[in-house]
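S.K.: kindly return the folded structure for what I paste below:
(chains A and B)
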Amino acid sequence: MAEETTYLIRGAAILGGDAEDLLIRDGVIAARGADLSQTDAAADMAARAIVIAADGLVALPGMVDVHTHLREPGREDAETVETGTRAAALGGFTAVHAMANSTPVADTAGVVEQVYSLGRAAGWVDVRPVGAVTVGLAGEQLAELGAMADSRAQVRMFSDDGICVHDPVLMRRALEYVKAFDGVVAQHAQEPRLTAGAQMNEGEVSAVLGLTGWPAVAEESIIARDVLLAQHVGSRLHVCHVSTAGSVEIIRWAKSRGINVTAEVTPHHLLLTDDLVRSYDPVYKVNPPLRTNDDVQALRAALADGTIDVVGTDHAPHPSEHKECEWAQAAMGMTGLETALSVVQHAMIETGLMTWADFARATSTAPAGIGRLADQGRPLEKGEPANIVLVDPAARWTVDPSVMATMGRNSPFRGMELPGKVVATFFKGHPTVLDGKLNTPYRYPSEAPVAGAAGAN
Amino acid sequence: MKHLLSTEDLSLANAVRILDTAEEMSSVGEREVKKLPALRGRTVVNLFFEDSTRTRISFEAAAKRLSADVINFAAKGSSVSKGESLKDTAQTLSAMGADAVVIRHWASGAPHRLAATDWIDAAVINAGDGTHEHPTQALLDAFTMRRHWTKLSGLPSAGADLRGMRVAIAGDVLHSRVARSNVWLLRTLGADVTLVAPPTLLPIGVERWPCSISYDMDETLEKGVDAVMMLRVQGERMNASFFPSTREYSRRWGFDDNRLRALDSLGLKDTIIMHPGPMNRGLEISAAAADSPRSTVLAQVKNGVSIRMAALYLLLSGDTREPAATLKESN
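M.R.: Numbers count the residues shown, from 1 in each chain, chains lettered A, B, ... in the order given. From the prediction side, this is the model:
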């Protein structure tokens, strides 16, 4: 059933600017303006609308994550499309890119269509599957990228994330091949020989802790190679989770040369450093690893000046037994969907490095552009799709992983007090989140009702 | 002290207290009946995830001389090899009433995990974790050096530190928990430490350590040194290109017969040669050096029992005159 209800968001600061009203109907923004109930054209609709008082709230375009691990199919003990997208909606997202390292790997049209269908059945956000670059993420043979692009899932982003496409010839061919359907190769930049057995950032702290180092050069050398390959074949490269100051310099250089490269940074790399590893608590184990404070400051500056285009969560839930163990035994990864907005507000907005308009660019407009999502990351203007998030920037909350919607309890922000709270999320004009709580999922007209999909689990 | 996890944050007072207590314990080893009743009725578990007969029997002897009940839990041939987690193993030992867990683990930080979590509430002693630390080895090394150093100065050993002593630690620092623990403890005790190693076997970040770095063994000797500690080098490191060949390693960084003679010609008559064992004779240390009167290798082994008695005694006897200096913040 299409969304019949009309919503009037009253008095929200649009992108942090002046307070205006937004009227939402039939999945789109029907009107925008100051005090719409007094405006002739919109007054009628406004009078019948459900009013959402938004004084003090900031209205932003729904966030788009270029980097999410939903774990389904295969690791439903870690996360499912249903639980992961609930977490996404609560975090202010209206679209996520589901990484390909599921079991089976998302390297065929069949698997990406399955994930796509699961996403539509869940109805909390747009789920955009990422296709594997190589069969089985094995780095040996190109997966059927064209078939995934032509599938119902319309894959545009391809990545072996978790594993680097380290063979330079294979990387070159992938970059060339995706030009046929306007695709992008999202590279997990990690030279494998330089990082054999790597446990944490290589530097002062790893020297003391006796943990095998993951040197910055292993990331930077791959990025340097890849931007040159992208230039050579005239293709589009996206660099996942940039983590070092040196990587920033290379990407800045590449952009100045006109190379078509985009880059992403995770919230955790904007806030946390490798000093936390001194606890040996594997909740801080992640790939690429937490780096130094100099790296954190360089990443913040790069996100602010646009050298790094987007924030990607690299949301990576794990069952508790994969973290309640020795550091070396533990899985790499952190949850991030429900803390991303707050961490970015804390690291970028409250430090004066970015405005809310910049936030909208880095979390919505730019990532939608990279993923080629036509109806995401749009301006909050009349006639545009109503993918909107309302944020209370004055709220303060203490992170408690045990009450999160994600099945993963591995949040490195556990116990931290962070600013900013998602009050409401509108996905295709439907409130998936209201009053900071999950509401109901969006139902696609042709697919409703889907048995069991809306049930609590 | 609740745990003994590392020497990095062991205070000078606690370090000296352990060394002084070990002096008292060493006298027990001289008696006909080598036993004290101090830990009667207490249970010490030796939890070994990595083979180390030397360290295990040293802890076992120490615990038995203090009359503790000792349980040896070797990971091989146990439930651990069937995939039981450290958490489940720890909770099992806790349920069985272990008062202290002596843990040797191939993973750096495993003892910290035991100490920081609520899996087990026993005292944790790090008996070597990965390439991180081996605090009782460093303490027994310091004990050995202190006896030597105070004998030279004619002062009593008790209460003394190692101020002014020049110590060279040579070999595979990168992979050595012994080197790390020694660097921190010797700093705390006031010694001047020089690490001597090929650049490939020093960790990135070592320049921030409280010690000097040298790539030249002969130059280090010429500058004068009071103790030379040779670290074990594994020949397999050659295959990972840490050095070209064992012979080249031996020539440049080993303590060979030429360097043994050099000590005499340099007038370093009181310089001791140390090794934590097990030795690779002919690789990092020549047979003549290992067997020379300068060698303290067997004294180190003997002192190890005294140090481990002291550690167990101080952790389990309820002597808590000072707050735990080694307990990192838990969560």
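
S.K.: chain A contacts on the stretch 151-300 of chain B?
M.R.: Applying Cβ under 8 Å from any Cβ of the partner chain, one finds that the stretch 151-300 of chain B approaches chain A through B:R177, B:R180, B:P203, B:I204, B:G205, B:V206, B:R208, B:W209. Every residue, glycine included, has its C-beta placed from N, CA and C.

S.K.: and the helices in the stretch 251-400 of chain A, which stretches?
M.R.: If you assign secondary structure with DSSP state H, counting those that start in this stretch, the helices in the stretch 251-400 of chain A sit at A:267-271, A:293-305, A:340-344, A:356-360, A:366-371.

S.K.: quick one: the first one to chain centroid distance?
M.R.: For helix A:267-271, the distance between its averaged C-alpha position and the chain's averaged C-alpha position is 13 Å (Cα atoms, centre = their mean, to the nearest Å).

S.K.: put the alpha carbons of it into PDB.
M.R.: As requested, the backbone C-alpha atoms of helix A:267-271 are provided in PDB (Å, rounded to 0.1, in the frame of the first residue of the first chain):
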ATOM      1  CA  PRO A 267      33.700   7.200  12.100                       C
ATOM      2  CA  HIS A 268      36.100   5.200  14.300                       C
ATOM      3  CA  HIS A 269      39.200   6.400  12.400                       C
ATOM      4  CA  LEU A 270      38.000   9.900  13.000                       C
ATOM      5  CA  LEU A 271      38.000   9.500  16.700                       C
END
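
S.K.: now for the residues of the stretch 151-300 of chain B next to chain A: which two are most distant?
M.R.: The largest separation in those, counting by Cβ to Cβ, is between B:R177 and B:R208 at 18.2 Å.

S.K.: okay, the two: which has more neighbours?
M.R.: Here B:R177 and B:R208 are compared on neighbour count by other Cβ atoms under 10 Å in any protein chain shown; more neighbours surround B:R177, at 22 against 10.

S.K.: shouldn't A:L237 be in contact with A:N260?
M.R.: Yes: with the criterion set as Cβ atoms under 8 Å, A:L237 and A:N260 qualify as a contacting pair; they are 6.8 Å apart.

S.K.: what's the overlap in contacts for those two?
M.R.: Common neighbours of A:L237 and A:N260 are listed as A:A230 (criterion: Cβ atoms under 8 Å, 6 or more residues apart in numbering or on different chains).

S.K.: more crowded one of these two?
M.R.: A:L237 (27 against 16).

S.K.: domain parsing for chain B?
M.R.: Each structural domain of chain B that the record assigns through the TED database is listed here as a residue range: B:3-134+B:301-317, B:135-300.

S.K.: least confident of those domains, on average?
M.R.: Of all the domains of chain B, domain B:3-134+B:301-317 carries the lowest average pLDDT, namely a mean of 92.

S.K.: wait, does that one contact chain A?
M.R.: Yes: looking at domain B:3-134+B:301-317 against chain A by Cβ under 8 Å from any Cβ, the contacts come from B:8, B:85-87, B:105-110, B:112-113, B:116-117, B:129-133.

S.K.: surely A:T273 touches A:V296?
M.R.: Yes: using Cβ under 8 Å, A:T273 is in contact with A:V296, at 6.0 Å.

S.K.: which of those two has more neighbours?
M.R.: Neighbour comparison, A:T273 and A:V296: the larger count goes to A:V296, with 21 against 17 (by other Cβ under 10 Å).

S.K.: quick one: pLDDT of the more buried one?
M.R.: Taking A:V296 on its own, its pLDDT is 98.

S.K.: from A:E264, how far off is it?
M.R.: 15 Å (Cβ to Cβ, to the nearest Å).

S.K.: check A:V277 too.
M.R.: Computed with Cβ to Cβ, the distance linking A:V277 and A:E264 is 23 Å.

S.K.: B:S27: neighbour count?
M.R.: B:S27 is flanked by 9 other residues according to other Cβ under 10 Å.

S.K.: now A:V135
M.R.: So A:V135, with other Cβ under 10 Å, has 15 neighbours.

S.K.: would you confirm that it contacts A:A106?
M.R.: No: between A:V135 and A:A106 no contact is recorded; they are 11.3 Å apart, counting by Cβ under 8 Å.

S.K.: so who does B:L93 touch?
M.R.: Under the criterion of Cβ under 8 Å, 6+ apart, the contact list for B:L93 reads B:V45, B:L47, B:F73, B:V101, B:I120, B:A122.

S.K.: just among these, which is most surrounded?
M.R.: Taking other Cβ under 10 Å to define a neighbour, the member of these with the most is B:L47, carrying 29 neighbours.

S.K.: what values do phi and psi take at A:D65?
M.R.: Backbone torsions for A:D65, taken as degrees, to the nearest 10, come to phi -100, psi 130.

S.K.: for A:A328, see how far away it is.
M.R.: Distance of A:D65 to A:A328, computed by Cβ to Cβ: 29 Å.

S.K.: neighbour count for these two, which is higher?
M.R.: When neighbours are counted by other Cβ under 10 Å, A:D65 and A:A328 differ, and A:D65 comes out ahead with 30 against 19.

S.K.: now name the helix or strand holding the residue nearest to that one when sequence neighbours are not counted.
M.R.: Counting by Cβ to Cβ, 6 or more residues apart in numbering or on different chains, A:V96 is the residue found nearest to A:D65 once chain neighbours are left out, at 4.4 Å. Assigned by DSSP states H and E, A:V96 falls within strand A:93-98.

S.K.: what is the mean pLDDT for that strand?
M.R.: The predicted confidence, averaged over strand A:93-98, sits at 98.

S.K.: quick check: mean pLDDT across the helix or strand following that strand?
M.R.: Where DSSP H and E defines the elements, the next helix or strand beyond strand A:93-98 is helix A:109-122. When the per-residue pLDDT values of helix A:109-122 are averaged, the result is 98.

S.K.: tell me the angle helix A:109-122 makes with strand A:93-98.
M.R.: In terms of direction (axes from the mean of the first three to the mean of the last three Cα atoms, to 10 degrees), helix A:109-122 departs from strand A:93-98 by 160 degrees.

S.K.: show residues contacting helix A:109-122.
M.R.: So helix A:109-122 is in contact with A:70, A:72-73, A:80-82, A:85-86, A:98, A:102, A:104-106, A:125-129, A:131, A:144, A:147-148, A:150-153, A:155, A:441, A:444, A:447, A:450, A:453, going by Cβ under 8 Å, 6+ apart.

S.K.: ok, of these, which come out buried?
M.R.: Buried members of those, counted by 16 or more other Cβ atoms under 10 Å in any protein chain shown: A:70, A:72-73, A:80-82, A:85-86, A:98, A:102, A:105-106, A:125-129, A:131, A:148, A:151, A:153, A:155, A:441, A:453.

S.K.: element containing A:H241?
M.R.: Here A:H241 is covered by no helix or strand, with elements defined by DSSP H and E.

S.K.: what's the end-to-end length of stretch A:63-76?
M.R.: With Cα to Cα, to the nearest Å as the measure, the ends of stretch A:63-76 fall 25 Å from one another.

S.K.: pull the distance from it to the chain's centre.
M.R.: Averaged C-alpha coordinates place stretch A:63-76 at 9 Å from its chain's average position (Cα atoms, centre = their mean).

S.K.: in that stretch, what's buried?
M.R.: Using 16+ other Cβ under 10 Å as the test for burial, stretch A:63-76 gives A:63-73, A:75-76.

S.K.: using CSV, write out every CA atom in stretch A:130-145.
M.R.: Taking only C-alpha atoms (Å, rounded to 0.1, in the frame of the first residue of the first chain), the coordinates of stretch A:130-145 have been written out as CSV:
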residue,chain,number,x,y,z
VAL,A,130,28.0,-4.5,-3.5
GLY,A,131,29.3,-7.2,-6.0
ALA,A,132,32.6,-9.0,-5.5
VAL,A,133,35.3,-8.1,-7.9
THR,A,134,36.7,-11.6,-8.1
VAL,A,135,35.1,-15.0,-7.8
GLY,A,136,34.9,-16.0,-4.2
LEU,A,137,37.0,-12.9,-3.2
ALA,A,138,39.9,-15.1,-4.2
GLY,A,139,41.7,-12.5,-6.3
GLU,A,140,42.2,-14.8,-9.2
GLN,A,141,39.3,-14.3,-11.7
LEU,A,142,36.8,-11.6,-12.4
ALA,A,143,33.3,-12.3,-11.1
GLU,A,144,30.5,-11.7,-13.6
LEU,A,145,30.4,-8.0,-13.0
